[in-house]
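S.K.: Need coordinates for the following:
(one chain, ligands or ions: 1)
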Amino acid sequence: MSDTVLNVGGISKRFGGLQALSDVGLTIQRGQVYGLIGPNGAGKTTFFNVITGLYTPDSGTFELAGKPYQPTAVHEVAKAGIARTFQNIRLFADMTALENVMVGRHIRTGSGLLGAVFRTKHFVQEEREIAKRAQELLDYVGIAKYADYKARTLSYGDQRRLEIARALATDPQLIALDEPAAGMNATEKVQLRELIDRIRKDNRTILLIEHDVKLVMGLCDRVTVLDYGKQIAEGTPADVQKNEKVIEAYLGTGGH
Ligand SMILES: Nc1ncnc2c1ncn2[C@@H]1O[C@H](COP(=O)(O)OP(=O)(O)OP(=O)(O)O)[C@@H](O)[C@H]1O
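M.R.: Here you go, the predicted structure:
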């Protein structure tokens, strides 16, 4: 299997008169935590939405684990192997935590609708396995005791963990986390960092948009910095921190 998990290039996206992304590309190796940072409006979410099939790009090439994929629809991208979380948490609020994770798992299983309707033996067996795996994942992210709670009753930090468990349930090549620390308190951020570290140690690959620069710098192997839709720096956190364009984008006259 290729050691390169995500290899995208030449991505451009325009909204009317606004060039939200200009010729953006990046390569992520297996086992890396890769950060995407930049000031507000830099194009980070647009980039995420393009690579996960929510927005159609004007141009771009897309490869996942050595195979080209077309980010034309979210479920196709999920099947290809990218799972994501959202800046504004998107859980099934009235389903239990366990059911939310089971939904993630279903894209990797085969019984289909007829199996569900007729409750075939294969279907029942498969459901049992899915539930077991979902419970393990809840345990993995540290919220096993809330398995039967409705998602909307969980604390904000736990809902974010639940979203991560659901993403992991798809057995993704790449997990894309959109501002996972947003709205978290200091304790929750420490726990999140531990969780991301653990996911990385299990040889998973993570792409992360994050505003908390300290978290990004402490966690990421490599970082790309966007500003006004352009890639202004790429490298290790230490290199990027010293980069003049980056310093200017965050602090300078272009500050936005
Ligand atoms: N659907 C859309 N229609 C029109 N303009 C959009 C759309 N989505 C994003 N934009 C614009 O594209 C630019 C990049 O936005 P984007 O949300 O990708 O930035 P960001 O780096 O994620 O910002 P933030 O850190 O504030 O989330 C912004 O100027 C934004 O207003």
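S.K.: Any regions of the protein where pLDDT drops low?
M.R.: For the chain, the stretches flagged by pLDDT under 70 are 1-2, 107-119, 251-256.
S.K.: Spell out, range by range, the helices that occur in it.
M.R.: For the chain, applying DSSP state H gives helices covering 44-51, 74-80, 97-106, 112-118, 121-141, 156-169, 186-201, 213-219, 237-242, 244-251.
S.K.: Within range of the ligand, give me the residues from this structure.
M.R.: Residues of the chain lying close to the ligand by C-beta under 6 Å from any ligand atom are 15, 18, 20, 38, 40-46. C-beta: built from backbone N, CA, C; applies to glycine.
S.K.: try 8 Å this time
M.R.: Selection of the chain residues close to the ligand by C-beta under 8 Å from any ligand atom yields 15-16, 18, 20-21, 38-49, 55, 87, 179, 209, 211, 226, 229.
S.K.: what's around E129, how many residues?
M.R.: E129 has 11 neighbours, counted by other C-beta atoms under 10 Å.
S.K.: mind checking how far it is from the ligand?
M.R.: Look at E129 and the ligand: by C-beta to the nearest ligand atom, to the nearest Å, they are 38 Å apart.
S.K.: distance of that residue from L195?
M.R.: 24 Å (C-beta to C-beta, to the nearest Å).
S.K.: ok, now V77?
M.R.: Taking C-beta to C-beta, one finds V77 at 23 Å from L195.
S.K.: Contacts for stretch 23-36, please.
M.R.: Residues outside stretch 23-36 that contact it (C-beta atoms under 8 Å, 6 or more residues apart in numbering): 1-12, 43-44, 47-48, 174, 196, 200, 203-210, 216, 219-224, 226, 229-231, 234, 237.
S.K.: Same question for stretch 42-49.
M.R.: With contact meaning C-beta under 8 Å, 6+ apart, stretch 42-49 is reached by 11, 13, 20-21, 24, 36-38, 54-55, 84, 87, 176, 178, 207, 209, 225-229, 249.
S.K.: and if you look at stretch 151-165?
M.R.: 85-86, 89-97, 100-101, 104, 134, 137-138, 140-143, 146, 175, 177, 180, 183-185, 188, 191-192, 195, 199.
S.K.: just the buried members of those residues?
M.R.: 85-86, 89, 91, 96-97, 100-101, 104, 134, 137-138, 140-143, 146, 175, 177, 180, 184, 188, 191-192, 195, 199 (16 or more other C-beta atoms under 10 Å).
S.K.: nearest residue to the residue most central in space within the chain other than its sequence neighbours?
M.R.: With distances taken as C-alpha atoms, centre = their mean, the chain has A176 as the residue nearest its mean C-alpha position (1.6 Å). Leaving aside its sequence neighbours, A176 sits nearest to R84 (C-beta to C-beta, 6 or more residues apart in numbering; 4.0 Å).
S.K.: just L168 next, same as before
M.R.: Nearest non-adjacent residue to L168 (C-beta to C-beta, 6+ apart): L137, at 5.5 Å.
S.K.: if we can go back for a sec, as JSON lines, the helices of the chain with distance to Q32 would be great.
M.R.: What follows is the helices of the chain, written out as JSON lines (distance: least, C-beta to C-beta, whole Å):
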{"stretch": "helix 44-51", "distance to Q32": "15"}
{"stretch": "helix 74-80", "distance to Q32": "19"}
{"stretch": "helix 97-106", "distance to Q32": "22"}
{"stretch": "helix 112-118", "distance to Q32": "35"}
{"stretch": "helix 121-141", "distance to Q32": "20"}
{"stretch": "helix 156-169", "distance to Q32": "17"}
{"stretch": "helix 186-201", "distance to Q32": "8"}
{"stretch": "helix 213-219", "distance to Q32": "11"}
{"stretch": "helix 237-242", "distance to Q32": "12"}
{"stretch": "helix 244-251", "distance to Q32": "20"}
